[in-house]
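J.: Below are the sequence and a predicted model; questions follow.
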Amino acid sequence: MIRIFITIMLLLSTIIAKEIHPTLVFHSVGYVNDFVFHKNRLYVANDMGCIDIFDTNTQKIVNRVMLPLLVTARNKLIAPNVISVDYINGKILILSIGKNSYRNVWIYENHELKQIVDEKKKLTIKEARFANNEQILFSTFGSEVILHDTSEQYNVYKTHISQSTMGDMVLSANKNEMVHSDESGAIRLIDVATSKVLKNYKPLNLDNVYHVAYNNNIIITAGQDRRVGVYGATKEDYYIKSDFLVYCVGLSPNGKTGVYSSGEENDLQLFNTKTKQLGDILVGHKTPINQIKFVNDKEFYSVGSRNDIFYWKLN
């Protein structure tokens, strides 16, 4: 009887589910790699060597942080590719690709651009995030995690987390914890202050984890094996099987609403992490989605590998 009821509910959810289109679209000057939202400001990193800063009320660019041009081996000037951006207390953290694919790290504050790490250090940083006002967390392709102190210019620690190539990393809302994934499918919860592994999860993904989201003690993952892993939402961890590679996931602050990239048409699929029930489908992206970030439990932004940032408002 219970199975029949569940089947009926799933069928009803499929019938009721509808297509949602973006409420607003923001246009960056270049292809968007990363973005962060803070108090009606959208900080957007792109491949044209800059951070576009949008006023989300007017949908207009109110400022633009430009990085120095790179000199190629043939003495040509090109714009560096900015691959990561973060914000805290008036500071913008910028990660860009330099010569020979090594990384440059910058902080923009009070209209001044200051370089924190240069390409001569030969670091292959994939993501850079503020751990607090003075410290920055780096995660490299080789799965090294580095906590760097900007006030004293030294590394608090440099820890090799895994033998596999890094997939993704994300910080908790309070920045005390980090979730780290790699190409083996492994998921780890790590203490940011010490780099101690707090928990190793039994992998739900059998292959590379492209992307992770973490809120309210719930983790969801996007996998090359077409699985969306869900940890901590129910008594037993579970996964949702998709019909295409899952490139990206997002999770609401309360941890109840999950979203993942779905299908060859680059749609976004909503689902309830507690009941496993699929919800509405969000349409509009023309290319694979690489970032999904919630503002609150009913609003979020997403980007694909083009110039557009989509704003979604859920009923």
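T.: Received, thanks. Numbering: from 1, shown residues only.
J.: Shouldn't Ile92 be within a strand?
T.: Yes - assessed with DSSP: H, G, I helix; E, B strand; the rest coil, Ile92 lies in a strand.
J.: Now do the contacts for it.
T.: Counting by CB atoms under 8 Å, 6 or more residues apart in numbering, Ile92 touches 43, 51, 65, 85-86, 107-109. Where you see a C-beta, it was placed from the backbone N, CA and C, and this is true even at glycine.
J.: let's go with 10 Å and repeat that
T.: With contact taken as CB atoms under 10 Å, 6 or more residues apart in numbering, Ile92 is in contact with 36, 38, 43, 45, 51, 53, 63, 65, 85-86, 106-109, 113, 130.
J.: again with Ile88
T.: Each residue near Ile88 by CB under 10 Å, 6+ apart is listed here: 36, 38, 107, 129-134, 136, 175.
J.: now swap in Gly250 and tell me
T.: Shown in contact with Gly250 (CB under 10 Å, 6+ apart): 211, 213, 215, 220, 222, 257-261, 268, 270, 289, 291-294, 300-302, 312.
J.: Please check those and keep the buried ones.
T.: Among the contacts of Gly250, those scoring as buried are 211, 213, 215, 220, 222, 257-261, 268, 270, 289, 291-294, 300-302, 312 (criterion: 16 or more other CB atoms under 10 Å).
J.: can you pull out the helices in this structure?
T.: Here the chain has its helices, by DSSP state H, at 2-16.
J.: lowest-confidence helix or strand of it?
T.: When each helix and strand of the chain is scored by mean pLDDT, DSSP states H and E, helix 2-16 comes last, with a mean of 48.
J.: Neighbour-wise, give me the winner out of the contacts of Ile88.
T.: Greatest neighbour count in the contacts of Ile88, by other CB atoms under 10 Å, goes to Ile136: 24 neighbours.
J.: can you tell me how far the closest residue to that one other than its chain neighbours sits from Gln135?
T.: Spatially, and ignoring its direct neighbours in sequence, Ile136 is nearest to His148 (4.8 Å; CB to CB, 6 or more residues apart in numbering). Here the criterion is CB to CB, to the nearest Å. By it, His148 lies 7 Å from Gln135.
J.: Quickly list what's touching both of those two.
T.: Val156.
J.: got the contact list for the residue lying closest to Val117 once chain neighbours are set aside?
T.: Sequence neighbours aside, Val105 is the residue nearest to Val117 in space, at 3.9 Å (criterion: CB to CB, 6+ apart). With contact set as CB under 10 Å, 6+ apart, Val105 has these partners: 84, 93-96, 98, 114-119, 121, 123, 125, 128, 136, 138, 148, 150.
J.: follow-up on the earlier one: neighbour count for His148 and Gln135, which is higher?
T.: Comparing His148 with Gln135 by neighbour count (other CB under 10 Å), the higher total belongs to His148, at 21 against 18.
J.: what about Val228, how many neighbours?
T.: 25.
J.: Please give me every residue in contact with it.
T.: By CB under 10 Å, 6+ apart, the contact set of Val228 is 204-205, 220-222, 238-242, 246, 249, 258-262, 269, 271, 273.
J.: Ala186 too?
T.: Taking CB under 10 Å, 6+ apart, we find Ala186 in contact with 143, 161-164, 167, 180, 200-203, 205, 209.
J.: Which ones among the residues you listed map onto strands?
T.: Among these, DSSP state E puts 167, 180, 200-201, 209 in strands.
J.: need the residues you listed in TSV with distance to Arg188, can you?
T.: Compiled in TSV, these are given as follows (distance: CB to CB, whole Å):
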residue	distance to Arg188
Gly167	11
His180	5
Asn200	6
Tyr201	7
Val209	11
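J.: Closest one of those residues to Leu77?
T.: Taking CB to CB as the measure, Leu77 sits nearest to Gly167 out of these, at 33.6 Å.
J.: Can you tell me how far the closest one is from Tyr43?
T.: From Gly167 over to Tyr43 (counting by CB to CB), the distance is 24 Å.
J.: For these two, indicate the residue with more neighbours.
T.: The residue with more neighbours, out of Gly167 and Tyr43, is Gly167; 29 against 22, by other CB under 10 Å.
J.: Could I get the ones in strands among the contacts of Ala186 in TSV, plus columns for distance to His21 and pLDDT?
T.: As requested, the ones in strands among the contacts of Ala186 are exported to TSV (distance: CB to CB, whole Å; pLDDT from 0 to 100):
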residue	distance to His21	pLDDT
Gly167	30	95
His180	34	97
Asn200	40	97
Tyr201	35	97
Val209	29	96
